[in-house]
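Undergrad: this is the structure alone, sequence omitted:
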């Protein structure tokens, strides 16, 4: 099968070739053996990262329902202060992660991505003692899921990255959806039975098992190449031959998370306006959110596989364009079930976007700086994740719910046009 990749660089391909072992003169090791070993280990790494991301997301979601109760136990009394400190504790993780993700990616380039993945799982185990400070530390340590994306992207053969990252993305989305459904139920039921602190220990224990699996089962076959003296003094941006596609992916990452998260704060209120029976608003709102996640789970690996065949940027352009079209009827629905169907279709369209963004970056940067640039990509997505809800709440509060959907539609359309221009420019050079 002839696999085509948009905007790929000869230098990145050469970097992969340089990592392959050469046959020993006595025949004890052959190239085919190296290929078979690598074929085995990248799939094994994918499975461990997928299961680790899934369990970690569920374990972390256990903590959210009783976060305000734990804040109250720490000595905060007034209702307003409890709400404020709960928000700070929740948001601190994303804020810190946005700043330090490039650093961990750069260290992964130098010392190995597996080590950075172990570091991420260890950082979360310690969150039992001090809430806000350690939630901040969790963000500084980084997330297991984002670390998994970087490791899988750099360890998987380039002609399989779309499929592998799509499968990992499906696992992450499944973890988020399962966490949103089962996590709060367990998180609400466990504290009365075993106490809040014991629930923290339970969540930490689950994540510690992920740490053990990462330590002993993941094999990083392609070690980051040692930089030359000249490369050590060169910035990671200077090492990228064609910066246009990489910048486009960073912008698209911000845009995607910004657009998705701008709708999250207003969905429940929007559903409330569509329903006569207000007692079912919470249930239906949960179904609306789960529908988009389910669509992404079903489509992510298939879209990744399609991207490996026809080009990742083409899939990104198509996904952004389709999602822009689907946002228009969402602004004018008259029934909650219409919204559920449209959100499911939008999830199908967007399922392969993040894997494709990661794949395009992977194909356009040398191996020795891949982790650092992918770290910048994670940071960009965190920026969108933080800014999106603020912007969506502001627009929805001042201009109405429909304005949020229509504004997001324009952003998605602009993203599709921008990526089309970058793809066209790269072909005409």
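TA: Looks like it came in fine. Values in this document were obtained by computation on a predicted structure and should not be read as measured data. Numbering: from 1, shown residues only.

Undergrad: use CA for all of it now, contacts and neighbours both
TA: Noted.

Undergrad: by mean pLDDT, which helix or strand of the protein comes out lowest?
TA: Across the helices and strands of the chain, the lowest-confidence element by mean pLDDT, DSSP states H and E is helix 10-18, at a mean of 38.

Undergrad: my guess is residue 328 contacts residue 409. True?
TA: Yes: contact criterion C-alpha atoms under 8 Å: residue 328 and residue 409 qualify, at 6.7 Å.

Undergrad: comparing these two, which residue is more hemmed in?
TA: residue 409 (24 against 18; other C-alpha atoms under 10 Å).

Undergrad: okay, and that one sits in which element?
TA: Using DSSP states H and E, residue 409 sits within helix 401-428.

Undergrad: can you pull the buried residues of that helix?
TA: 401-416, 418-420, 422-423 (16 or more other C-alpha atoms under 10 Å).

Undergrad: so where is the stretch 51-200 of the chain shaky, pLDDT-wise?
TA: Scanning the stretch 51-200 of the chain for pLDDT under 70 picks out the ranges 60-76, 78-143, 173, 176-177, 179-191, 196-197, 200.

Undergrad: walking through the stretch 251-400 of the chain, point out its helices one by one.
TA: 281-310, 312-330, 336-350, 353-364, 370-399 (DSSP state H, counting those that start in this stretch).

Undergrad: show me how this structure divides into domains.
TA: 37-224, 241-429 (automatic domain parsing).

Undergrad: which SS class is residue 238?
TA: The three-state label given to residue 238 by DSSP: H, G, I helix; E, B strand; the rest coil is coil.

Undergrad: now do the phi/psi pair for it.
TA: Main-chain dihedrals, residue 238, degrees, to the nearest 10: phi -70, psi -20.

Undergrad: how many neighbours does it have?
TA: Applying other C-alpha under 10 Å, we find 10 residues neighbouring residue 238.

Undergrad: kindly state the pLDDT recorded for it?
TA: Note on residue 238: pLDDT of 77.

Undergrad: once you drop chain neighbours, what's closest to residue 316?
TA: Among residues not flanking residue 316 along the chain, residue 353 sits closest, at 5.8 Å (C-alpha to C-alpha, 6 or more residues apart in numbering).

Undergrad: residues contacting that neighbour?
TA: Residue 353 is in contact with 300, 315, 316, 319, counting by C-alpha atoms under 8 Å, 6 or more residues apart in numbering.

Undergrad: so who does residue 298 touch?
TA: Taking C-alpha under 8 Å, 6+ apart, we find residue 298 in contact with 170, 348, 351.

Undergrad: same question, residue 266
TA: 392, 393, 396, 401.

Undergrad: by pLDDT, rank those and give me the bottom one.
TA: Lowest confidence among those: residue 393, with 78.

Undergrad: quick one: low-confidence ranges for the stretch 251-400 of the chain?
TA: Flagging of the stretch 251-400 of the chain using pLDDT under 70 yields the residue ranges 265.

Undergrad: what about residue 157, neighbour count?
TA: Residue 157 - counted by other C-alpha under 10 Å - has 15 other residues nearby.

Undergrad: now swap in residue 280 and tell me
TA: Neighbours of residue 280 using other C-alpha under 10 Å come to 12.

Undergrad: look up how far residue 286 lies from it.
TA: With distances taken as C-alpha to C-alpha, to the nearest Å, residue 280 is found 10 Å from residue 286.

Undergrad: tally of neighbours for the residue lying closest to residue 345 once chain neighbours are set aside?
TA: Spatial nearest neighbour of residue 345, excluding adjacent residues (C-alpha to C-alpha, 6+ apart): residue 295 at 6.5 Å. Counted with other C-alpha under 10 Å, residues neighbouring residue 295 total 22.

Undergrad: what residues are up against residue 295?
TA: 344, 345, 346, 347, 348, 349, 351.

Undergrad: need these in CSV with neighbour count, can you?
TA: Formatted as CSV, those follow (neighbours: other C-alpha atoms under 10 Å):
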residue, neighbour count
344, 22
345, 21
346, 24
347, 25
348, 24
349, 26
351, 29
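
Undergrad: quick check, nearest of these to residue 242?
TA: Checking the contacts of residue 295 against residue 242 by C-alpha to C-alpha gives residue 351 as the nearest, at 26.6 Å.

Undergrad: now the closest residue to that closest one other than its chain neighbours: how far from residue 146?
TA: Nearest residue to residue 351, sequence neighbours excluded (C-alpha to C-alpha, 6+ apart): residue 296, at 3.8 Å. Plainly put, residue 296 is 17 Å away from residue 146 if you go by C-alpha to C-alpha.

Undergrad: more crowded one of those two?
TA: Neighbour count, other C-alpha under 10 Å: between residue 296 and residue 146, residue 296 has more, with 27 against 20.

Undergrad: so that one touches residue 350, yeah?
TA: Yes: between residue 296 and residue 350 a contact is recorded at 6.4 Å, counting by C-alpha under 8 Å.

Undergrad: I'd assumed residue 366 was in contact with residue 239.
TA: Yes: counting by C-alpha under 8 Å, residue 239 touches residue 366, with 7.2 Å between them.

Undergrad: of those two, give the one with the bigger neighbour count.
TA: For residue 239 versus residue 366, the count of surrounding residues by other C-alpha under 10 Å is larger for residue 366: 23 against 15.

Undergrad: can you read off the backbone torsions of that one?
TA: Torsion angles, degrees, to the nearest 10, at residue 366: phi -60, psi 150.

Undergrad: same question for residue 352.
TA: The phi and psi torsions at residue 352 (degrees, to the nearest 10) take the values phi -100, psi 0.

Undergrad: the nearest residue to it once chain neighbours are set aside and residue 373, how far apart?
TA: Spatial nearest neighbour of residue 352, excluding adjacent residues (C-alpha to C-alpha, 6+ apart): residue 300 at 4.3 Å. Counting by C-alpha to C-alpha, the gap from residue 300 to residue 373 is 22 Å.
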